[in-house]
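J.: Just need the structure, nothing else, for what follows:
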Amino acid sequence: MEWRGFAESVWMPSYRRPLGAMVDAILGAGFVFGGMLEPRPDERFREADPEDYEKLNRMPGFLCLVGRKPGAAGAQMDLAVTRGIVPERHSCSREPL
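T.: Residues are numbered from 1 along each chain as shown. Below is the predicted model:
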């Protein structure tokens, strides 16, 4: 898939899988499910490509699943972000807010 909302086009490999298969893989590997994010484009993207901006707000192009080792620090923050308690970023970055 080619992303055109940057200074240059960016090739982004795409892997389509059923949601259940992705979650099962996380749980089957012994991780705790920490949440799910559907990042949306920011205002800079709206200015660069209004048509794709509207499309990606209706049908997000990315799905980020969070898996943590049982008992790992940060799991509560993951859940707070996915529930909207903490402002969500427009990327899947897990850097401190």
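J.: low-confidence ranges in this protein?
T.: Within the chain, the stretches with pLDDT under 70 are 4-6, 73-97.
J.: For it, just list every one of the strands.
T.: For the chain, applying DSSP state E gives strands covering 2-3, 10-11, 32-37, 64-68.
J.: Sheet-wise, list the partners of the third one with their directions.
T.: Strand 32-37 has these partner strands in its sheet, going by DSSP bridges: strand 64-68 (antiparallel).
J.: If the closest residue to residue 72 other than its chain neighbours is in a bridge, with which residues?
T.: Residue nearest to residue 72 in three dimensions, not counting chain neighbours: residue 32, with 7.8 Å by C-beta to C-beta, 6 or more residues apart in numbering. All C-beta spots, glycine's among them, are computed from the backbone N, C-alpha and C. Taking DSSP bridges as the rule, residue 32 bridges to residue 68.
J.: what's the answer for the one 4 residues further on, then?
T.: Beta-bridge pairing of residue 36 under DSSP bridges involves residue 65.
J.: how many neighbours does it have?
T.: Using other C-beta atoms under 10 Å, residue 36 has 14 neighbouring residues.
J.: Nearest the geometric middle of this structure, what residue?
T.: Centroid-nearest residue in the chain, with C-alpha atoms, centre = their mean: residue 64, separated by 3.3 Å.
J.: Isn't that residue up against residue 26?
T.: No - using C-beta atoms under 8 Å, residue 64 makes no contact with residue 26, being 11.7 Å away.
J.: Okay, buried residues for stretch 16-31 please.
T.: 26, 31 (16 or more other C-beta atoms under 10 Å).
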